[in-house]
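Engineer: sequence and predicted structure are below.
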Amino acid sequence: RKEVEQDPGPFNVPEGATVAFNCTYSNSASQSFFWYRQDCRKEPKLLMSVYSSGNEDGRFTAQLNRASQYISLLIRDSKLSDSATYLCVVNSVGGGADGLTFGKGTHLIIQP
Amino acid sequence: SAVISQKPSRDICQRGTSLTIQCQVDSQVTMMFWYRQQPGQSLTLIATANQGSEATYESGFVIDKFPISRPNLTFSTLTVSNMSPEDSSIYLCSAIFDRGLSYEQYFGPGTRLTVT
């Protein structure tokens, strides 16, 4: 089983719709979780951290399910500008980036 | 968010030559890293750039091929030595910022390297 697994998509979603995708991780000792967004030919940008209690930032909601070892990202009222690749990142070793594992990303396309 | 700059932003190099990529962070950070990302692939950590000591390399990456410098807490360089077409990739600098109860990791804009 891959350490961090994501559905590569693409997810084709009409503008204004709600879309959600999950990311599963294999290491139950994982401590920190993040969603990054990466636009074509650009660097990954931190979208949000995922806390145990879940967190919301505007149209974006991230949740963590430790029992089933997955995190989710939900985007409401999707915009054309939301089209990007969303990377799931899991930290399995305390603190440092040497424990960061990146998923391969889920490609999201918002269609007008 | 933090500001991380890299240069060059892109380069086309001949095989057998070397390229040094520079990374500058707008504030002092303890941890800096170098990643590689090939088209359609996930990020791969090359090494951790340690200030005042030798970089820590991940499996599959060696100092002779990817020498790294970290002279202070805001700057690092990665050299891709004796390049071959297989080294064509995007090279990304990254740094971790301590936000108190958590940390956040940011990336530079990347250096797109093409080896001919």
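Structural biologist: On my side now, so go ahead.

Engineer: only C-alpha atoms for contact and neighbour calcs from this point on.
Structural biologist: Fine.

Engineer: list the beta-bridge partners for the closest residue to residue A:70 other than its chain neighbours.
Structural biologist: Nearest residue to residue A:70, sequence neighbours excluded (CA to CA, 6 or more residues apart in numbering or on different chains): residue A:24, at 4.2 Å. Per DSSP bridges, residues listed as beta-bridge partners of residue A:24: residue A:5, residue A:70.

Engineer: which residues touch residue A:24?
Structural biologist: A:4-6, A:69-71 (CA atoms under 8 Å, 6 or more residues apart in numbering or on different chains).

Engineer: out of those residues, the closest to residue B:39 would be?
Structural biologist: Of all the contacts of residue A:24, the one with the least separation from residue B:39 (CA to CA) is residue A:6, at 17.0 Å.

Engineer: top of the contacts of residue A:24 by neighbour count?
Structural biologist: The member of the contacts of residue A:24 that has the most neighbours, counting by other CA atoms under 10 Å in any protein chain shown, is residue A:71 with 25 neighbours.

Engineer: surely that residue and residue A:63 touch.
Structural biologist: Yes: counting by CA atoms under 8 Å, a contact exists between residue A:71 and residue A:63, whose distance comes to 5.5 Å.

Engineer: circling back: just the contacts of residue A:24 now: which is nearest residue A:89?
Structural biologist: So of the contacts of residue A:24, ranked by how close each gets to residue A:89 (CA to CA), first place is residue A:4, at 7.6 Å.

Engineer: quick check: the nearest residue to the closest one once chain neighbours are set aside vs residue A:65, distance?
Structural biologist: For residue A:4, the nearest residue in space outside its immediate sequence neighbours is residue A:25; the separation is 4.5 Å by CA to CA, 6+ apart. Per CA to CA, to the nearest Å, residue A:25 is found 10 Å from residue A:65.

Engineer: do residue A:57 as well
Structural biologist: 18 Å.
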